[in-house]
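Enquirer: one predicted model, sequence on top.
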Amino acid sequence: MIPRHIAVIMDGNGRWAKKRLLPRIAGHRAGMKRMISLTDDIFSRGIVCCTLFALSTENLARPQEELEGLYGLFREYFTGQTARLKSQGVSLKILGDLTLLPADIARLARTSEEETAGGEKTLAIALGYGGRQDIVRACNEAVKKGEPVTLESFAETLSTGGMPALDLLIRTGKEKRISNFLLFEAAYAELCFSEKLFPDFTGKDLTHALEAYAKRDRRFGRI
Ligand code: FPP
């Protein structure tokens, strides 16, 4: 079985750079290169939805120099990749609070979303995103409406609303935690932890993760 929705926590860029005595931003640049080839690979395998964790709410407390470097890469990505995504039938969707980022990045991101709208595949990028924060935001929306929520209506209010259920969550970079990513959505996702640092995570590693996923017995609590 091919998953419909796969998410990746792209961890290990900093350590990849450190191993090479390079500045951390060189690791993020290598990560961006990998991210572009990995998403091509993901969509070429028939997966229709991919969510990538690029910057958490908590990551915003990193040193300004690193953040500025990352912001430069985000600008490059939105400017350079939008036309390509559109030509591949991929709609870009941003998860997270873009008001936490510089205003020009928010504008570029929204423009990319508009220009790629209507594609049959979805690439969601989490920027200024926190799973707990998204749940709290959705709760407040429900409170404002003044109506009780159901599982379905609540899921629709999350920033992933309308996307297929999350099937597979991959984290690269050795750590075995979810780090405030897709907390509600990951309830029945299969988890895959890779020892590879993100810039080293290749198409072959993706194949291994998909093969392992295909062997899992997904019972969703049933027998
Ligand atoms: C985590 O690795 C990675 C990030 C916080 C940034 C991810 C960014 C990219 C892949 C660059 C391009 C992104 C876009 C959206 C164009 P880490 O820095 O925590 O690595 P470490 O644990 O080894 O220090």
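Expert: Perfect, I can see it now. Numbers count the residues shown, from 1 in each chain.

Enquirer: flag every residue of the chain that's near the ligand.
Expert: The chain comes close to the ligand at residues 10-15, 28, 31-32, 35, 54-55, 59, 73-74, 77, 125, 173, as judged by Cβ under 6 Å from any ligand atom. Heads up, the C-betas are built off the backbone N, CA and C, glycines and all.

Enquirer: need the helices for the chain, in chain order.
Expert: In the chain, the segments counted as helices under DSSP state H are 13-19, 24-44, 64-87, 103-116, 131-145, 151-157, 203-215.

Enquirer: quick one, the longest one and helix 24-44 angle?
Expert: Compare the direction of helix 64-87 with that of helix 24-44 by axes from the mean of the first three to the mean of the last three Cα atoms, to 10 degrees and you get 20 degrees.

Enquirer: and helix 64-87, which residues are buried?
Expert: Buried positions in helix 64-87, judged by neighbour count with 16 or more other Cβ atoms under 10 Å: Leu67, Gly69, Leu70, Tyr71, Leu73, Phe74, Tyr77, Phe78, Gln81, Thr82, Leu85, Lys86.

Enquirer: relative to helix 103-116, how tilted is it?
Expert: 10 degrees.

Enquirer: tell me how far the spatially closest residue to Ala106 that is not a sequence neighbour lies from the ligand.
Expert: Of all residues not flanking Ala106 in the chain, Leu98 sits nearest, at 3.9 Å (Cβ to Cβ, 6 or more residues apart in numbering). Distance, Leu98 to the ligand, by Cβ to the nearest ligand atom, to the nearest Å: 12 Å.

Enquirer: residue nearest the centroid of this structure?
Expert: Nearest to the geometric centre of the chain sits Leu52, at 1.7 Å (Cα atoms, centre = their mean).

Enquirer: confidence score at that residue?
Expert: At Leu52, the model reports a pLDDT of 98.

Enquirer: beta partners of it?
Expert: Beta-bridge pairing of Leu52 under DSSP bridges involves Val8, Ile125.

Enquirer: what residues are up against the nearest residue to Leu55 once chain neighbours are set aside?
Expert: Leaving aside its sequence neighbours, Leu55 sits nearest to Leu127 (Cβ to Cβ, 6+ apart; 4.9 Å). Going by Cβ atoms under 8 Å, 6 or more residues apart in numbering, Leu127 touches Ala54, Leu55, Phe74, Ile94, Leu95, Gly96, Leu98, Leu101, Ile105, Ala109.

Enquirer: residue contacts, the residue in the chain positioned nearest to the ligand?
Expert: At 2.4 Å from the ligand, Gly14 is the closest residue in the chain, using Cβ to the nearest ligand atom. By Cβ under 8 Å, 6+ apart, the contact set of Gly14 is Arg24, Gly27, His28.

Enquirer: kindly recompute the last result at 7 Å.
Expert: By Cβ atoms under 7 Å, 6 or more residues apart in numbering, Gly14 lies in contact with Arg24, Gly27.

Enquirer: same check on the one 10 residues further on?
Expert: Counting by Cβ under 7 Å, 6+ apart, Arg24 makes contact with Gly14, Ala17, Glu66.
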